[in-house]
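Got a predicted structure here, sequence first:
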Amino acid sequence: MADLSVNLGGISSPNPFWVASAPPSNTGYQCHRAFEAGWGGVVWKTLGEAIVNVSSRYSSLDLNGNRMVGFNNIELITDRSPEVNFREIKECKERWPNHAIVVSLMTDTRESWHEYVKRSMDAGADGVELNFGCPHGMCERGMGSAVGQNPDVIETIVGWVMEVTQIPVIVKLTPNITNITYPARSARRSGANAISLINTINSITQVDLDRLCPEPYVAGKSTSGGYCGPAVKPIALNMVQQCAADPEVKLPISGIGGIQNWKDAAEFIALGATNVQVCTAIMHYGFRIVEDMIEGLNDYLDRSGMASVTELIGRAVPTIDRWENLDLNYKRIAKIDYDTCIGCNLCYIACEDGAHQAIALVDPDAEGIGEGPGRLPGKAVPKIKEDECVGCNLCSLVCPVDGCIDMIDIDTGKEPMSWTQYQERVASGDMEPIPPHQ
């Protein structure tokens, strides 16, 4: 059984699965429930000056019957008093000394940052997470993403925090920015111990066409909110990898964004995260999802011959390169397994109308294609035009039967050549330009 314990910038936890700063981490009661279920850490819902929330607060993007593929919220930081929160944080840490409790903070002045950091330390917190990511409500007050979008302000505020802290500092970054590495570099320059990303993305998920007002509906008005859930995972993975690969960042990363199961978590860790934080999946399914996460990650590490989760951190980072360094002579084509093909012909339609017209509909008897669930009298079946197939993957992506269409390697007999090398060889006269595809 693999060792799942991790250390994020000086904060230890028995496994890499943390509850993110959000509604599931709003109270001591929820913190106890999370640790009882098996979570390794909790980032307390953001503390700051007293606020008042609106009603309603959430909306979602549903897709083909799947609920909450994307989740939108306009809820602000905790509306519970600092006194109550810090008392509960202290109680939770005393009860769960081997689990990570991190306090998320958001305030404005230097004096206020000092006060909240000191109170977090007095409560026994293992670290603080500086919330520079909220895209609504707080940013209008000069906090949240208004800070995260300005690297100079990040340096200033983190500098204030570092003046008084005796516990690790995590900087939570906003994805609502052109280049995520700039604020990450600022966090490092100012002395932060780790970064966490991504926070939520500016969004409007839907419009009520009867009211002609987006959800969530607040007395005839709405506002853009923070988008999270499975739909944001690809964006989060990209930004985590960018920070992990940047030589000027060099900070441990807590990965956030659309994590629902062990596989999602493993992907974040492989792209450079030390641990992961989960919110929307807990709001959808409850705290006990961590049981399958722990079991699944353990099984994967055992199958892969890794003794600990730390061996997985960043393993996939070197495989991400600039497009111009990819091999132009590498070739893949699609291959159909007719034993599982159901004859829906969706691959043909997708390729014919949306891709490269590399699939034909043929008479299975004339082509010698055997029996299968899609083999009906007089019905044509799809066949790959191997000479025309460019290996775009579309047919395998739209096919409703897992494993029916595979992408297979083809030996072209050519040496690897990148776009950069191609340009150089053409410029030097070593080769003629490749004619455009007809």
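Looks like it arrived, so ask away. Residues are numbered from 1 along each chain as shown.

So Leu376 lies in a strand, does it not?
No. Assigned with DSSP: H, G, I helix; E, B strand; the rest coil, Leu376 falls outside any strand and is coil.

Can you read off the pLDDT for it?
Per-residue pLDDT puts Leu376 at 76.

How about the contacts made by Gln242?
Gln242 sits next to Ile180, Thr181 when contact means C-beta atoms under 8 Å, 6 or more residues apart in numbering. The C-beta positions use only the backbone N, C-alpha and C, and glycine is treated the same way.

and Asn15, that's in a strand?
No. Remark: Asn15 does not belong to a strand; assigned using three-state DSSP, it is coil.

Can you verify my assumption that it contacts Val6?
Yes. Counting by C-beta atoms under 8 Å, Val6 is a contact partner of Asn15 at 7.2 Å.

so what sits against both of those two?
In contact with both Asn15 and Val6: Gly40, Val309, using C-beta under 8 Å, 6+ apart.

Domains in this protein, by residue range?
6-319, 323-428 (automatic domain parsing).

what's the closest of the ones you listed to Ile434?
domain 323-428 (7.6 Å; C-beta to C-beta).

So what's the gap between that closest one and the chain middle?
30 Å (C-alpha atoms, centre = their mean, to the nearest Å).

Point out the most buried one among the domains of the chain.
Ranked by mean neighbour count, the domains of the chain are led by domain 6-319 with a mean of 20 (mean count of other C-beta atoms under 10 Å).

end-to-end on that one?
24 Å (C-alpha to C-alpha, to the nearest Å).

go on, stretch 322-341?
36 Å.

residues making contact with that stretch?
For stretch 322-341, contacts defined as C-beta under 8 Å, 6+ apart pick out 347, 358-359, 364, 369-375, 381-384, 386, 389, 391, 393, 395-396, 401, 403-412, 414-420, 422.

quick one: which of these sit in strands?
Ile359, Val381, Pro382, Lys383, Ile384, Ile405, Asp406, Met407, Ile408, Asp409, Ile410 (DSSP state E).

from memory the fourth one sits against Ala360, does it?
Spelled out, that is Lys383. Yes. With contact defined as C-beta under 8 Å, Lys383 and Ala360 form a contacting pair (5.2 Å).

Could you pull out the strands in the stretch 151-300 of the chain for me?
If DSSP state E, counting those that start in this stretch is used as the criterion, the strands of the stretch 151-300 of the chain fall at 169-172, 194-197, 201-203, 207-208, 213-214, 225-228, 253-256, 275-278.

Under the pLDDT cut-off, which ranges of this structure? List them.
135-146, 374, 437-438 (pLDDT under 70).

Next up, identify which helix or strand the nearest residue to Ala125 once chain neighbours are set aside is on.
Spatial nearest neighbour of Ala125, excluding adjacent residues (C-beta to C-beta, 6 or more residues apart in numbering): Val103 at 4.6 Å. Per DSSP states H and E, Val103 falls inside strand 100-105.

on contacts alone, who are the packing partners of the next helix or strand after that strand?
The element immediately downstream of strand 100-105 (helix or strand, assigned by DSSP H and E) is helix 110-122. Where contact means 3 or more C-beta pairs under 8 Å, 6 or more residues apart in numbering; DSSP states H and E, helix 110-122 is packed against helix 82-95, strand 100-105, strand 127-131, helix 151-162.

give me every residue that touches Asp246.
For Asp246, counting by C-beta under 8 Å, 6+ apart, the contacting residues are Thr181, Ala184, Arg185.

do the same with Tyr58
Here Tyr58 is in contact with Phe71, Asn72, Asn73, Ile74, Glu75, Pro216 (C-beta under 8 Å, 6+ apart).

The second one touches Thr223, doesn't it?
It stands for Asn72. No. In this structure Asn72 lies outside contact range of Thr223 using C-beta under 8 Å: 10.2 Å.

that older thread, can the domains of the chain go into JSON lines with extra columns for distance to Pro436?
Converted to JSON lines, the domains of the chain look like this (distance: least, C-beta to C-beta, whole Å):
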{"stretch": "domain 6-319", "distance to Pro436": "30"}
{"stretch": "domain 323-428", "distance to Pro436": "13"}
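
Quickly check the ones in strands among the contacts of stretch 322-341 for the two that are furthest apart.
Val381 and Asp409 (24.1 Å).

Okay, and the residue of the chain most remote from its centre sits in which element?
Distance from the C-alpha centroid of the chain, by C-alpha atoms, centre = their mean, peaks at Ala366 (48.1 Å). Assigned by DSSP H and E, Ala366 falls within helix 364-367.

which strands and helices sit next to that helix?
By 3+ C-beta pairs under 8 Å, 6+ apart, helix 364-367 packs against strand 381-384.

Can you list the strands that the strand it packs on pairs with?
Next to strand 381-384 in the sheet, as set by DSSP bridges, lie strand 359-362 (antiparallel).

Run through who's touching the strand it pairs with.
So strand 359-362 is contacted by 334, 345, 347-348, 351-352, 369, 380-385, 395 (C-beta under 8 Å, 6+ apart).

In three-state terms, label the closest residue to Trp419 other than its chain neighbours for me.
Closest residue to Trp419 apart from its sequence neighbours, by C-beta to C-beta, 6+ apart: Glu324 at 4.2 Å. The three-state assignment at Glu324 reads helix, by three-state DSSP.

do Ser12 as well
Ser12 is classified as strand under three-state DSSP.

How about the contacts made by it?
Ser5, Val6, Ala100, Asp126.

Mind doing that once more with 7 Å?
Ser12 makes contact with Ser5, Ala100, according to C-beta atoms under 7 Å, 6 or more residues apart in numbering.

how near is it to His99?
From Ser12 across to His99, the span is 9 Å (C-beta to C-beta, to the nearest Å).

cool, Gly159 as well?
Taken as C-beta to C-beta, the span from Gly159 to His99 is 30 Å.
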